[in-house]
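Visitor: this is a predicted model, with the sequence first.
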Amino acid sequence: MSGQNVGSVDLPQFSAMVMGLDDWPAADMKPITEDRLLRVVRHVLGAQVRQLKAAPLREEVAGPLFRNSSGDGVPVAAFPRWLVCTQCRLLAPIRSGLFEFRADTNRPERSGFIHKNCPRLAKAAAIPARFLVACENGHIDDFPWSEYLHGGSTACPGPLELRDVGASGEAADVMLMCRACQKRKPMAPAFSEDGKAELPKCRGRHPHLRVAPLEECDAPSQPITLGATNMWFSRTLSALSIPSSADPLEQMVEQDLTALFEDAESERDVKLVRKSQARYDKYTDGQIWAAIQKLRALDSAAPLTPKDLKAPEWKLFSKPDPAKNSDNLRLRVGTPPAKYAWIESVVLIERLREVQALAGFTRLEPAGDDSTAKLVPLRRGAAEWVPAAEVRGEGLFLRLSEAKVSDWLAKARALELQFFGAHKRWRAQRGMEPSLGFPTLRYVLLHSLSHVLIRQFSVECGYAAASLKERIYSSTPDDEDPMAGILIYTAAPDSEGTLGGLVTLGETSNLEQHLDQALEGLEICSSDPLCAETQPEQAFMSLHGAACHNCLFLPETSCERGNRYLDRSVLVPTMERGEFAFFRS
């Protein structure tokens, strides 16, 4: 959800933090309807969540770019609150009054803080101090500069300086000094185990919540650098708009079933609710009520957890019905290449709609079902709405033969045990139940195939690899409907159409050609033999086998598992081993 996080925004001259939902202009935000996703968000955050809302956009108006800026877009505040003068290297908080913010209405990228009384330059620029502290419970705070330098609480008034004493820019080349008592201390020790232990305990701050009271926190503070990847991990839930009916009215009601018609108990209630909904004007109250009752009867066993979001999508894609095409989904059945008998079906999705909702975020450890990191709330108190994004794109769905996948899994039992062992060690290190959450070797096969196809398609279809995304449909034969399929799709904000390049690659001749090229190029990696020799038990910190940035890894926005559970040896023979290859030379 680009631009809709509560993380740090690095601007050219200063850094800002997006504020919590309490400060967002909720009244001006457009609701987004996606009933299935809303039900899952309620499962995560509570039944009080009533809506998904699109982030506010700044209207394009003539005149200075900062005009009416206080009411436009998402609110932010400067963070960190400690700044460094670029000339005299003074280190002080904004509240000291030594810095002044100056906005340039004509060139907003030049806006920033200046050191008002710098002895070296009259208008010296001030930049954010690049060190912070955070904890595993999601708190973040300014680095305790004075306590770190003086070894605890002190009466020394400072002022402080932060100087680069080397060319590398690393913590080892950054020196913290006090102008009053002349103490000096490098920043490198703060990142050592002993240095972390000496830092003050976490104060329990959530700066994005402004006036929220400090929380009791026993987790140790850990130093991080401004803009580090572990500073903010989103917990994003997403769903594709999947119609269960070919009837246009039922498709609309299905999208609004929870957000709009949840409390409707009669035609009279429907009449009151629909007044402000022009899209229902051509239908009678009775028709709408009948559709609500029908969908409620079918919805009694609807998915409520994040893990169940994909089940309805799999049912539609595995048994595609073009009669259900709508404004949000348009598909047609393709023909699998005869050469690849393991592909049971191909579905070309000319248009799809994805809705993403931000449920919260974590720090230091990524969010997700396989993480114990504490989810940081988006607002003070229980959220009644959450920010969401509606994007449209195109996609290609491949369903693998269940019989061939099952036969291969029986022969690759030894590799599955290796991955399971690495999985247990990885979870044990993070304090999680070791035996839970293993996606099985079936997932490793599907995930690896998805990555190699995305890398191949990005060369041909006109989209960059970071613009393509995956959804892996994987479940075992123990389930009522075992899943073995992959969806590769693109979803771009503010786009009603698509480039069409991805769907074109799903045509029979094109798909066969790209499968040939992708699998052939996978047998040798430019990082071999190091890549080929990697086994799950050797790389349990990353949870992958023979995989690296040169052969299988994808950008963070594309992969649903953070480049874990990958191994090209499950697809093709490598120079290290070939007994587990699903596709043999």
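Guide: Looks like it arrived, so ask away. Numbering: from 1, shown residues only.

Visitor: state the distance from the closest residue to V444 other than its chain neighbours to L415.
Guide: Counting by CB to CB, 6 or more residues apart in numbering, Y565 is the residue found nearest to V444 once chain neighbours are left out, at 5.0 Å. Bear in mind the C-beta positions are built from the backbone N, C-alpha and C, glycine included. Distance of Y565 to L415, given as CB to CB, to the nearest Å: 12 Å.

Visitor: ok, L502 next?
Guide: 31 Å.

Visitor: same question for D308.
Guide: Distance, D308 to L415, by CB to CB: 28 Å.

Visitor: show me what contacts S238?
Guide: With contacts defined as CB atoms under 8 Å, 6 or more residues apart in numbering, S238 is in contact with 37, 309, 354-357.

Visitor: also L396?
Guide: Neighbouring residues of L396 by CB under 8 Å, 6+ apart: 346-349, 487-489, 502-503, 505-506.

Visitor: min pLDDT across those, which one?
Guide: Lowest pLDDT of the contacts of L396: L502, 85.

Visitor: of L502 and L415, which one has the most company?
Guide: Legend: neighbour count by other CB atoms under 10 Å for L502 and L415, higher for L502 (26 against 22).

Visitor: thought that one was touching L468?
Guide: Yes: using CB atoms under 8 Å, L502 is in contact with L468, at 7.5 Å.

Visitor: quick check: neighbours shared by those two?
Guide: 457, 461, 488-490.

Visitor: filter the residues you listed down to just the ones in helices.
Guide: Of the positions in those, F457 sit in helices, assigned by DSSP state H.

Visitor: specify which member of the shared contacts of L502 and L468 is nearest to T105.
Guide: T490 (36.7 Å; CB to CB).

Visitor: let me know the pLDDT of that closest one.
Guide: For T490, the predicted pLDDT is 87.

Visitor: kindly report the same for A359.
Guide: As predicted, A359 sits at a pLDDT of 91.

Visitor: now swap in E365 and tell me
Guide: We have a pLDDT of 81 for E365.

Visitor: cool, S495 as well?
Guide: Note on S495: pLDDT of 47.

Visitor: got the contact list for D269?
Guide: D269 touches D263, counting by CB under 8 Å, 6+ apart.

Visitor: please disregard the earlier target; I meant D35.
Guide: For D35, the contact set (CB under 8 Å, 6+ apart) comprises 254-259.

Visitor: bridged to L240, which residues?
Guide: E354 (DSSP bridges).

Visitor: so in the protein, where's the weakest helix or strand by average pLDDT?
Guide: When each helix and strand of the chain is scored by mean pLDDT, DSSP states H and E, strand 8-10 comes last, with a mean of 74.

Visitor: surely W408 and F583 touch.
Guide: No: if you go by CB under 8 Å, W408 and F583 don't touch, sitting 9.9 Å apart.

Visitor: which one's more surrounded, those two?
Guide: Comparing W408 with F583 by other CB under 10 Å, the one with more neighbours is W408, at 20 against 17.

Visitor: quick one, grab the pLDDT at that one.
Guide: Looking at W408, the pLDDT reads 95.

Visitor: all helices in the stretch 251-400 of the chain, in order from the N-terminus.
Guide: Here the stretch 251-400 of the chain has its helices, by DSSP state H, counting those that start in this stretch, at 267-273, 285-298, 310-318.

Visitor: figure out which of those helices is closest to L445.
Guide: helix 310-318 (16.4 Å).

Visitor: what helices and strands are in contact with that closest one?
Guide: On a contact count with 3 or more CB pairs under 8 Å, 6 or more residues apart in numbering; DSSP states H and E, helix 310-318 meets strand 385-400, strand 468-474, strand 484-492.

Visitor: include distance to H447 when you put these into a markdown table, please.
Guide: Formatted as a markdown table, the helices and strands packed on helix 310-318 follow (distance: least, CB to CB, whole Å):
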| stretch | distance to H447 |
| --- | --- |
| strand 385-400 | 12 |
| strand 468-474 | 6 |
| strand 484-492 | 8 |
